[in-house]
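Novice: coords please:
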Amino acid sequence: MKILTSNDDGVRAKGNIILRETLAKENEVVTIAPNRERSSCGHGITLGEPIRLNQLEENIYSCSGFPADCVLVGLGHLLKDSRPELVVSGINMGANLGQDRFYSGTVAAAREAAFRGVPAIAASLVIKNFKDEQHFDVAANYINKLVSNGIHKHIPEMSVLNINVPNLPQNLIKGVRISTSGYQIYSEEVVERQDIRGKAYYWVGGIYKGHQDIPGSDCNNVADGYISVQLQNLWGRDIEVSDIIDGLKSCVE
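Specialist: Residues are numbered from 1 along each chain as shown. From the prediction side, this is the model:
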């Protein structure tokens, strides 16, 4: 099967490399990913300047644009005559839980694919302490399992499968749960500083404080040691798995 991969951490990010190598064992994988870090860029696209692709290796390209640009150029140009059957964005270094998905370039890349009629997965490794060992292999193996199970046949049109994997060794993963949306809690911080000319500039972004206790939510399920699988439409609303074909649930569990 032909798969297009992308991410928002950059083409040389560890999660992107491990995902590609894992999927490429049994599939034809083309990677188009940003040439630099693009985390938290949301669904930005490049309109006021050209987008440039640079081929790094066979079927691996860096892109000057945003994650959504990578998918847009991939589906609209590079692969327009041989479109992939699935787009996988990730594996993100960090969570895309709760409202975080609206800021995420990783999720945006998957959403862009869904806009264009291609089944899409956004995959993230929920790393709480970046000094800890990072188990990207666990997340990649789970995504590969989904692909082998034919997940692309069961993702409804105009929707994205958002997957968050706890940063744990395989033997400590408790299982898989279908999730609803949770809510992450951050301190609201805007820090004002001055440059050498006395002009103000600002840093934004608060400190993670936890999540609301919502049973069955993606935040709760990951905190409890489960892989969270969440089906969302393109407007960010959850889709009840019971409302769609049973094949999806059989693929993910």
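Novice: And the helices in the stretch 51-200 of the chain, which stretches?
Specialist: Taking DSSP state H, counting those that start in this stretch as the test, the helices found in the stretch 51-200 of the chain are 67-73, 105-115, 136-148.
Novice: helices or strands next to the longest one in the packing?
Specialist: Think helix 136-148. helix 14-23, strand 86-93, strand 120-126, strand 159-166 (3 or more CB pairs under 8 Å, 6 or more residues apart in numbering; DSSP states H and E). In short, each C-beta sits where N, CA and C put it, glycine included.
Novice: Could I get the CA-only coordinates of stretch 223-237 as CSV?
Specialist: The C-alpha coordinates for stretch 223-237 follow below in CSV (Å, rounded to 0.1, in the frame of the first residue of the first chain):
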residue,chain,number,x,y,z
ALA,A,223,-3.0,8.9,32.0
ASP,A,224,-4.4,5.4,32.9
GLY,A,225,-1.8,3.8,30.6
TYR,A,226,-4.0,3.1,27.6
ILE,A,227,-3.5,4.0,23.9
SER,A,228,-6.2,6.6,23.1
VAL,A,229,-8.0,6.3,19.7
GLN,A,230,-10.3,9.1,18.9
LEU,A,231,-12.3,9.6,15.7
GLN,A,232,-13.0,13.3,14.9
ASN,A,233,-14.7,15.1,12.1
LEU,A,234,-13.0,18.0,10.4
TRP,A,235,-14.6,20.5,12.8
GLY,A,236,-13.0,18.8,15.8
ARG,A,237,-16.1,17.1,17.0
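Novice: quick revisit: same list (the helices of the stretch 51-200 of the chain) but as CSV, adding mean neighbour count.
Specialist: Below are the helices of the stretch 51-200 of the chain laid out as CSV (neighbours: other CB atoms under 10 Å):
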stretch, mean neighbour count
helix 67-73, 28
helix 105-115, 28
helix 136-148, 20
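Novice: among the ones you listed, which is nearest E28?
Specialist: helix 136-148 (11.8 Å; CB to CB).
Novice: Identify the residues contacting that closest one?
Specialist: The set of residues external to helix 136-148 that reach it, using CB atoms under 8 Å, 6 or more residues apart in numbering, is 1, 3, 14-15, 18-19, 21-23, 25-27, 86, 88, 90-91, 121, 123-125, 163, 165, 168-170, 173, 176, 227, 251-252.
Novice: Any stretches of the stretch 151-253 of the chain with poor pLDDT?
Specialist: 236-250, 252-253 (pLDDT under 70).
Novice: swap the cut-off to 80 and go again
Specialist: The stretch 151-253 of the chain contains residues with pLDDT under 80 at 188, 205-206, 234-253.
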